[in-house]
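Q: 3D model of this:
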Amino acid sequence: MFLESLMIKAREGDPFGAEEVFSDMLAVGLNPGPRSFHGLVVSYSRSGDAEGALHALKRELNSGHIPLQETFTCVACSFASIGNQEQGEQLLAAMEHYNLSGRVTWLSFVEDLLQAGYLKEATDTFLKGSKGGYKGTDELYDTLVEKNAEIGHHANCINILRFMEYTGRNCKTSHYNALLRIEANLGEADVALERFEDMRYCEEDKKPDTETYNWLFQSQVRCSVGGDRIQQMIDLLGLMVEDYKRVQPNAKTYTILVEGFTKYNIVDEAIRHFRALSKIPGGTRLLHNNGEHGDPLSLYLRLLCLHGKTDDMMEALEIMEKDNQPIPKRAMIVNRKGRTLVTSWIEPLQQEADLGFEIDYIARYVAEGGLTGTRQRWSPSLSGNYFPVNPDNEGFRYAAPLEISFKSECAEARASYTIELIKKLDRDGVSAFGSGATEDDVQIIKEKLRKDMLAESIQQVRKPKAASKMLVSELKEELEAQGLPSDGTRPVLYQRVQKSRRINRARNRPLWLPPEVEVTEEVDDRLEKLLSRLNLKNENNTDYWKKRFLGESTEDEVEYTQNGELIDADSDAEVSIRKRDDGEGEEEVEEETGELEDGGDEEEVEPPVMLASQLMQKEEALETQQTDDHYFEFNLEEQLEDLKRFKLFSVDDMFTIADAWGWTWEKDIGVHWPEKWSKEREVTLGMKVMNKVIDLGGIPTIGDCAMLLRAAMRTPWPEAIVNILQQTHKLGYVFGNPIYDEVVTLCMNLDEREAAIAIVTDMEDTGVNVPDEILDKILPEESFSEDEG
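A: Have a look, this model is predicted:
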């Protein structure tokens with residue numbers, strides 16, 4: 001009865017009730033035993049009184065009883081909840097003194113320390129117990145390794161794993177990943193690579209998995225010592241792709257790869273992996289990572305902007321909008337010319353926009369903190385500060401890439417595509433076009449492609465003709481176009497032209513150029529039709545190359561004779577070729593040769609040659625043949641035959657990263673010609689980027705608005721001009737009167753009176769003062785005459 005009451009009080013955690021039961025037992029003459037004391041200790045322990053539980057244990061020892069093992073465990077767990085490591089270890093020593101097994105108590109004490117958040121005390125106690133011969137459970141080993149890996153304690157993880165191997169349990173992939181996690185966070189890239197090499201040649205349960213490669217990529221990307229690590233990163237990526245049947249990437253893999261390629265300015269690979277990351281919901285949020293580790297998302301946007309890849313930048317902004325990821329402040333860096341990613345890719349690049357009013361540069365210098373020394377610098381100061389101060393450089397491994405305009409990027413993309421087409425023609429020849437083409441067509445089209453590539457890539461800057469070489473009619477044309485008098489002799493006209501050019505150069509105005517005469521070239525419809533068939537459709541198609549390697553028929557594969565004519569399957573030419581290969585038809589050749597010899601003139605018989613001379617001639621012929629074989633390499637088909645013959649390559653080895661990781665969209669990218677640059681396309685893309693940036697929370701500068709407006713005026717495009725001005729006024733920016741005057745004049749010259757009226761109306765709605773000169777250009781003269789009447 002007393003024991004039952006004592007156990008009830010112990011379960012309820014009521015030490016006072018347990019003490020009363022104890023007093024009643026003593027009052028009736030009962031001597032409490034180990035179980036009774038155990039109930040008293042449990043009551044103190046469950047109430048959270050560790051000192052009371054220890055006092056009850058001492059009472060039991062003083063009474064001459066040896067406590068139960070569970071009693072020691074209960075007291076140890078009480079001290080574990082408050083993180084008292086010393087008392088717990090003393091209890092374990094007391095258990096050894098009384099010849100009790102302390103393993104269960106040790107395990108419970110360590111586990112309770114972990115649950116209470118005392119990792120350091122738990123690890124120290126665990127290592128001391130392991131040295132003493134205690135064996136932990138598999139779950140405890142894994143938990144301690146994982147917890148110590150989170151705080152980056154490499155030595156503790158090594159010691160725990162060493163004791164685990166002493167007990168007969170080998171390390172697994174998860175344990176290696178824990179060590180790699182510490183090494184990646186500490187920047188020990190070389191140590192991580194050595195550990196990875198050990199994993200590659202271990203048993204199956206120790207092979208690298210996706211998490212392994214993630215930590216390895218991170219160790220290479222975020223390593224701050226050891227120089228350039230991009231080659232190691234690419235090698236690891238290649239190993240992961242080769243092991244695609246067992247290891248597949250996840251969101252973290254793509255995130256760290258985009259970060260790595262971005263920081264090392266490898267823009268094409270960064271774009272490919274960002275496309276893969278965009279297929280995962282919330283991918284841009286993972287890439288942003290709250291701005292940590294250099295803010296990879298902002299760096300990626302800056303990389304695209306600086307490389308002039310505006311189409312890809314627009315695609316990234318659309319994905320950010322889908323993921324509800326606002327544009328970071330780091331991405332909206334204002335360059336030294338007052339432009340952000342909205343227009344810093346529009347030519348001219350390093351030029352400040354014309355705002356229509358004079359800028360007080362001294363006031364700007366003071367406002368930017370020039371007097372207090374807090375002004376943002378773009379070049380090192382003369383005081384000896386040689387560290388990079390360009391804000392674009394922050395986050396990149398070495399420095400930000402040089403700025404490339406969108407126009408230059410379009411020309412470079414088309415040039416690269418042309419080079420790939422020329423390589424395809426060199427490799428495939430006539431078969432690249434299909435039926436109806438000849439070798440001459442191939443050469444003509446190659447020359448045409450080279451000519452067009454040079455014409456697009458080389459910017460031909462038009463310059464005015466020297467005045468001394470101009471005819472009188474040309475001098476008069478230039479003067480009349482500028483509204484200058486064109487009468488007088490040739491020396492007078494020459495002096496006027498020279499003077500006008502000097503004035504324009506002094507005032508930073510463009511020199512007058514005669515209207516460009518477009519030279520129309522004759523278009524060969526047949527060549528254009530053949531050129532339209534040429535594309536890079538199968539260059540990234542692995543199935544096509546597998547069929548070609550195996551010698552199977554492909555859709556684009558057609559057989560031709562040397563003259564370019566299509567050969568039928570059972571044609572005479574093919575039959576004759578087969579006979580020649582089989583050894584047949586030799587007799588016919590010999591007969592024809594004999595007939596020719598009988599019917600022709602007799603040839604002079606050469607004198608006999610000595611045997612040694614014959615051998616020397618054969619040796620020279622053999623050397624010549626070997627030299628020819630050395631200089632004339634095999635073509636593609638012959639190389640494939642050699643690979644199959646010597647079994648150096650199999651179809652299973654034919655795959656790309658797109659095949660291994662399921663990038664199905666890669667087949668449609670880069671198949672057709674890249675779009676040409678045009679003023680309309682540039683303005684349209686700029687307006688889209690501006691609107692998308694505003695939707696994502698960014699604020700374009702007035703310089704962005706002015707550059708975009710100037711680009712629309714160069715096009716010229718009145719509708720775009722109206723939209724840009726309206727958006728500028730919504731942002732709270734106002735240009736100077738000369739800008740509005742120039743815009744209205746342009747619209748009126750283009751007979752776009754409605755656009756000019758829309759501009760003036762928007763100015764009045766916004767509160768911008770409209771000068772009378774602008775109104776005089778828009779309103780017809782009849783309205784003034786009616787008002788006067």
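
Q: Flag the helix or strand of this protein with the lowest per-element mean pLDDT.
A: helix 586-599 (a mean of 40; mean pLDDT, DSSP states H and E).

Q: Report the buried residues of stretch 124-141.
A: For stretch 124-141, burial by neighbour count (16 or more other C-beta atoms under 10 Å) applies to 124, 125, 126, 127, 129, 130, 134, 135, 136, 140, 141. For the C-beta atoms, the positions are set from N, CA and C on the backbone; glycine is no exception.

Q: Kindly apply the preceding question to stretch 151-158 instead.
A: Quick answer for stretch 151-158 (16+ other C-beta under 10 Å): 153, 154, 156, 157.

Q: Just after the helix or strand where the last one lies, pick out the following helix or strand.
A: Secondary structure here is read from DSSP states H and E; on that basis residue 157 sits in helix 154-166. Next along the chain after helix 154-166, taking DSSP H and E as the criterion, comes helix 173-186.

Q: Next SSE downstream of that next one?
A: Heading C-terminal from helix 173-186 (DSSP H and E), you reach helix 189-200.

Q: now that following helix against helix 173-186, angle please.
A: 170 degrees (axes from the mean of the first three to the mean of the last three C-alpha atoms, to 10 degrees).

Q: What lies in contact with helix 189-200?
A: For helix 189-200, contacts defined as C-beta atoms under 8 Å, 6 or more residues apart in numbering pick out 173, 176, 179-180, 183-184, 206-208, 212, 215-216, 219-220, 223, 226, 229, 232, 236, 239.

Q: Generate a ChimeraX selection restricted to the buried subset of these.
A: The buried residues among those can be selected in ChimeraX (16+ other C-beta under 10 Å) with this line:
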select :173,176,179,180,183,184,206,207,208,212,215,216,219,220,223,229,232,236
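
Q: So which of the buried residues of stretch 124-141 is the closest to residue 91?
A: residue 125 (11.2 Å; C-beta to C-beta).

Q: With adjacent residues omitted, what lies nearest to the closest one?
A: Among residues not flanking residue 125 along the chain, residue 110 sits closest, at 5.5 Å (C-beta to C-beta, 6 or more residues apart in numbering).

Q: can you check residue 177 too?
A: residue 211 (5.0 Å).

Q: In three-state terms, label that neighbour for me.
A: Classification of residue 211 by DSSP: H, G, I helix; E, B strand; the rest coil places it in helix.

Q: State the number of residues packed around it.
A: Around residue 211 there are 19 other residues, counting by other C-beta atoms under 10 Å.

Q: if I look at it, how far off is residue 153?
A: 19 Å (C-beta to C-beta, to the nearest Å).

Q: Need the contact partners of the longest helix anywhere in the chain.
A: As assigned by DSSP state H, the longest helix anywhere in the chain is helix 406-428. Identification of contacts with helix 406-428 by C-beta under 8 Å, 6+ apart yields 307-310, 345-347, 404, 432, 442, 445-446, 449-450, 452-453, 456-457, 459, 534-536, 539, 635-636, 670, 673-677, 682, 685.

Q: May I see the ChimeraX selection of the buried members of those residues?
A: Selection of the buried residues among the contacts of helix 406-428 in ChimeraX, burial being defined by 16+ other C-beta under 10 Å:
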select :307,308,309,310,345,346,347,404,432,442,445,449,453,456,534,535,536,670,674,677,682,685
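
Q: So which of the contacts of helix 406-428 sit within helices?
A: Judged by DSSP H, helices contain the following of the contacts of helix 406-428: 310, 442, 445-446, 449-450, 452-453, 456-457, 636, 682, 685.

Q: Would you agree the residue nearest to residue 125 falls within a helix?
A: Yes. Counting by three-state DSSP, residue 110 falls inside a helix.

Q: quick one: it and residue 124 touch, right?
A: No. Applying C-beta atoms under 8 Å as the test, residue 110 and residue 124 come out as separate, 9.7 Å apart.

Q: residues shared between the contacts of those two?
A: Residues touching both residue 110 and residue 124 (C-beta under 8 Å, 6+ apart): there are none.

Q: any idea how far residue 181 is from residue 153?
A: In terms of C-beta to C-beta, residue 153 sits 11 Å off from residue 181.
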